[in-house]
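Visitor: Task: produce atomic coordinates for the following.
(chains A, B, C and D)
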Number of protein chains: 2
Amino acid sequence: MSINAYKPKEIKSLSRIFKILGEPNRLKILTSLGLECRPVSAIVASTGLTQTNVSFHLRVLREAGLVKAEKNGSFVFYCLPEPELRVIIDHFQYWNSSSTSTKKN
Amino acid sequence: MSINAYKPKEIKSLSRIFKILGEPNRLKILTSLGLECRPVSAIVASTGLTQTNVSFHLRVLREAGLVKAEKNGSFVFYCLPEPELRVIIDHFQYWNSSSTSTKKN
DNA sequence: GGTTTATATGCGTTAATACTCATGTGCGTA
DNA sequence: TACGCACATGAGTATTAACGCATATAAACC
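Guide: Sure, this is the predicted structure:
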């Protein structure tokens, strides 16, 4: 395994994504989504957050390209652009759940 | 691919890790480490951050179990506890670098 | 055209946190 | 014991960002 240093741009870009995922409600919203797009009201219902708050976070996710928005009449449907992100997050979660039990000092 | 919802505890625990990695200097410090432990002064030198700042971030990383500290005389050596975390971060970065070119609005 | 529904946004407040400066602690060495 | 080096930490400050409220926009329906 090679440990090669990250370039400043990579650090900046990658940390921006981690910061976005680091907000619990945002992660909740994102992980509640699949590839099938759902209207905001459904996200509000399933997360229990206020509409304002969901809209606020969806904007952040959208502007980062982490979710995709599709207008349909007066509805706006949100979903993951591609499954990859969710797969990686799942990997992270798997690592997290197994490493916490092996935690050292 | 199955999209199963995350439990509140998983969201909390996972977002905490993402938040930690979401700080650019912290990510910089973490990705500058390998499995071979290095003293704080070396981290300070390679990152260009102040000693106080590095210590501040190392504490956060250490308390989260993301880095391991080994005392040796008046030195404290820091390194990754296991290579897994770095591998996952690398996956993330790979996804990030390839998805930005394919970015949809 | 007016009303309801779905979502977005501007503003003000509050809480979290990254940072610096100064100082503390602990180990090694003269 | 006294001094120097490596690192940690407490206090204070400033920036950021999440949240709620009120309101705006925009589409659907009467």
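Visitor: Kindly export the helix or strand harbouring A:A45 (C-alpha atoms) in PDB.
Guide: Following DSSP states H and E, one finds A:A45 within helix A:40-47. In PDB, the C-alpha atoms belonging to helix A:40-47 read as follows (Å, rounded to 0.1, in the frame of the first residue of the first chain):
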ATOM      1  CA  VAL A  40     -39.300  17.300  -0.900                       C
ATOM      2  CA  SER A  41     -42.500  16.700   1.000                       C
ATOM      3  CA  ALA A  42     -41.700  13.000   1.200                       C
ATOM      4  CA  ILE A  43     -38.200  13.800   2.500                       C
ATOM      5  CA  VAL A  44     -39.700  16.100   5.100                       C
ATOM      6  CA  ALA A  45     -42.100  13.300   6.200                       C
ATOM      7  CA  SER A  46     -39.500  10.600   6.400                       C
ATOM      8  CA  THR A  47     -36.900  12.700   8.200                       C
END
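Visitor: Once you drop chain neighbours, what's closest to A:K12?
Guide: B:P24 (6.0 Å; CB to CB, 6 or more residues apart in numbering or on different chains). From N, CA and C alone the C-beta is placed, and that goes for glycine too.
Visitor: tally of neighbours for the one you found?
Guide: Look at B:P24: counted by other CB atoms under 10 Å in any protein chain shown, it has 17 neighbours.
Visitor: Counting neighbours, what do you get for A:L21?
Guide: 26.
Visitor: Distance check, the closest residue to it other than its chain neighbours against A:I89.
Guide: Once flanking residues are discounted, A:L21 sits nearest to B:F18: 4.0 Å by CB to CB, 6+ apart. According to CB to CB, to the nearest Å, B:F18 and A:I89 sit 9 Å apart.
Visitor: and these two? which has more neighbours close in?
Guide: For B:F18 versus A:I89, neighbours defined as other CB under 10 Å are more numerous around B:F18 (22 against 18).
Visitor: Doesn't the more buried one lie inside a strand?
Guide: No: looking at B:F18 with DSSP: H, G, I helix; E, B strand; the rest coil, it is helix, so not inside a strand.
Visitor: does it really touch A:R26, like I thought?
Guide: No: contact criterion CB atoms under 8 Å: B:F18 and A:R26 do not qualify, at 9.3 Å.
Visitor: Sounds good, over and out.
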